[in-house]
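Undergrad: this is a predicted model, with the sequence first.
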Amino acid sequence: MKLLTHNMLTSHVKGVTKGYPLLIKATEVKVNDVDFNPQFVCRMIPKLEWSALVEAADLLGHRQDLPSELVPDYEKNEDFLKKVHRALLEVEVIEGCLQCPESGREFPISRGIPNMLLNEDEV
Amino acid sequence: MASSCSRTCLQYLLHLAHDNLDFRLPSPFWCLNSLTEEDVRSVMARSVCAKSAFELWGRGRTHSELRTSLLNYSPEKMSPYVHKESTYRINVYTFNKTLLFADRIKKIDALEYLPFEGTVSLKSPQHIFCLLEDYGTDPNNIPEHPNYVYFGRWIADGQRELIRSHSVKSRHFIGNTSMDAGLSFIMTNHAKVKENDLVFDPFVGTGSLLVACSHFGAYVCGTDIDYNTIHGKGRSSRKNQKWRGPDENIRANLRQYGTQKMYVDVMVSDASKPVWRNAALFDAIITDPPYGIRESTRKTGSHKDIAKAPDGSYADSHVPVSQAYNLSDIFADLLHFSAQHLVVGGRLVYWLPVYRPEYCEEMIPHHACLQLVSNCEQTLSSHTSRRLITMEKIKEPKVCVLDLHSCCLSTELPYHGHNAFREKYFSGLNKRSSKEDTRADVDGK
């Protein structure tokens, strides 16, 4: 699971109102080499919850001095965009789980794939 | 499209492939005005339905009319391509008729009135021209003379090669209902997927649609309720193979075509219970939801309502007979999801299964925030078909604290929802992840 995806996921456990962001508990993390595409990164940044991204990257030990707030004029700042690119697309949680911050319910991640299914009695 | 055509007021001819006939106008020849060559080239860079595009120099119902038309074509427009230093060749294409080689040569010779001053080069001409003859659309009644003839300068071919290169037959990872390459690319085009888009498929299966989208530079993600399919496990869909191998998963499919870098994520998830935060995240949503026969039946336990055909196959009937209570909520949820999570201007493209005897346009699901762009039918059998529906998000839904479903104008659907069945249909998984392979062999394979 990449942090781009994590940034967009929320807990859908019944009755939960503060289900975002999901807490990451990772037992295996991998960093891949993904071609840097500044245009894509620029398009994604406005869609992100910035603090959730920084928090998640930090928790995984891959924050790499991402600032706590978005820098202005980031479109032209290649260094900054490369850092964002790395956090969004190169860091991958392979094993672990995502935890609902309100209910504590855990969604397992195995082989890089989160399983978000709830049981019948939970929906 | 060019808004003015001052110097470049030319006509173009598109030669369309002879398939998916319900998706287009009846004739495979389509003349277009008010375009620039750049417009035509950009269309051909995407289209899998168009074989070739030509700059139209002349046309007519007979060769005599063609001659008149060609002699009326401005010499200034011809001159860059016919001057002394140029090299060229002329092809002859006949639709709905086979011509002997000798006859082709005769037809080319009959064009000697054209002011070509350059040299013929069959192997590497600078300019290629084509004489196209239309012998109608009835293969049992081929006229001696063509109904219509065209002559033009070849500009570009379409992307039909993608249908072969991305054929599901040679794909690493497939499922029973993997979308064929041609239709996947058509859907990608309907959704106007472009480079650097983020595309989502909520019923991703083996990722055929994502493969097509990634080819045009979009980043892709998907979800599916089927754990085995997402993980690439379980029984193979290939004839002589029992189990799936280690290289069978969606990521591997993208890698096969060199687009692995466009892979974002796939997840095991129930499309009726979305896990995304409330924001316009996706540039396009492209999907082929389950119709109720070949997918998902194992999740609902024994599908005793559906009787198999006498020969035990489901091949034609991809639509459940008792659709009245099968499908309503899938589409309501899909439209609602799209209204929430598409960017404004973003598109939803999906297949809608239809029972033809009862079909009427009012059956197409609608939503206040989504505008219907197109509705193309693909016949599956005499009484069933599926329609490729394209919708564009035109505005944000109103935010409502209580029930988001009730806020949007009612999505009146022909299939009356039945909640108990819906629950069974969607969330019927008793175990979260299935280590055992309990899949019933519903295809009779």
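TA: On my side now, so go ahead.
Undergrad: report how many residues lie close to B:Lys123.
TA: The local packing of B:Lys123 (other Cβ atoms under 10 Å in any protein chain shown) involves 6 other residues. Yep, even glycine has a C-beta here, placed from its N, CA and C like the rest.
Undergrad: shouldn't it be within a helix?
TA: No. Checked against DSSP: H, G, I helix; E, B strand; the rest coil, B:Lys123 lies outside a helix; its state is coil.
Undergrad: chain A contacts on the stretch 201-350 of chain B?
TA: B:219, B:221, B:223, B:225, B:227, B:230-231, B:261, B:264-270, B:273-281 (Cβ under 8 Å from any Cβ of the partner chain).
Undergrad: and those residues, which are buried?
TA: Neighbour-count burial (16 or more other Cβ atoms under 10 Å in any protein chain shown) applied to those gives B:219, B:221, B:223, B:225, B:227, B:230-231, B:261, B:264-270, B:273-277, B:280-281.
Undergrad: and the longest strand along chain B, average pLDDT?
TA: Across chain B, the strand with the greatest residue count (assigned by DSSP state E) is strand B:342-355. Taken as a whole, strand B:342-355 has a mean pLDDT of 94.
Undergrad: B:Tyr148 is in contact with B:Arg59, correct?
TA: Yes. Look at B:Arg59 against B:Tyr148 with Cβ atoms under 8 Å: they come within range, at 7.0 Å.
Undergrad: what residues are up against B:Ala284?
TA: Contact partners of B:Ala284, counting by Cβ atoms under 8 Å, 6 or more residues apart in numbering or on different chains, are B:191-193, B:197, B:199-200, B:213, B:218, B:342, B:346-349.
Undergrad: nearest to chain A among those?
TA: Set against chain A, the nearest of the contacts of B:Ala284 by Cβ to the nearest Cβ is B:Asp197 (8.2 Å).
Undergrad: ok, that closest one - contacts?
TA: B:213, B:217-219, B:283-284.
Undergrad: for chain B, which segments count as strands?
TA: B:10-16, B:29-35, B:50-60, B:87-95, B:119-120, B:127-134, B:148-157, B:198-201, B:219-224, B:263-268, B:282-287, B:342-355, B:370-379, B:384-393.
Undergrad: which residue does the stretch 51-200 of chain B have closest to chain A?
TA: For the stretch 51-200 of chain B, Cβ to the nearest Cβ, closest residue to chain A: B:Asn196, 4.5 Å.
Undergrad: looks like B:Met363 contacts B:Val354 (just checking).
TA: Yes. In this structure, B:Met363 is within contact of B:Val354 by Cβ under 8 Å, at 7.2 Å.
Undergrad: which one's more surrounded, these two?
TA: Neighbour tally, B:Met363 and B:Val354, criterion other Cβ under 10 Å: the higher count belongs to B:Val354, 24 against 16.
Undergrad: the more buried one pairs with what?
TA: Beta-bridge pairing for B:Val354 (DSSP bridges): B:Ser385.
Undergrad: list the contacts for it?
TA: Counting by Cβ under 8 Å, 6+ apart, B:Val354 touches B:319, B:363, B:377, B:384-387.
Undergrad: likewise B:Asn72?
TA: With contact set as Cβ under 8 Å, 6+ apart, B:Asn72 has these partners: B:Gly58.
Undergrad: please tell me how far it sits from B:Gly60.
TA: Distance of B:Asn72 to B:Gly60, given as Cβ to Cβ, to the nearest Å: 11 Å.
Undergrad: check A:Glu75 too.
TA: 54 Å.
Undergrad: more neighbours: which of the two?
TA: B:Gly60 (17 against 13).
Undergrad: beta-bridge partners for the more buried one, please?
TA: B:Val149.
Undergrad: so it sits against B:Thr68, correct?
TA: Yes. Applying Cβ under 8 Å as the test, B:Gly60 and B:Thr68 come out as touching, 6.8 Å apart.
Undergrad: quick one: low-confidence parts of chain B?
TA: B:1-9, B:242-248, B:292-327, B:399-445 (pLDDT under 70).
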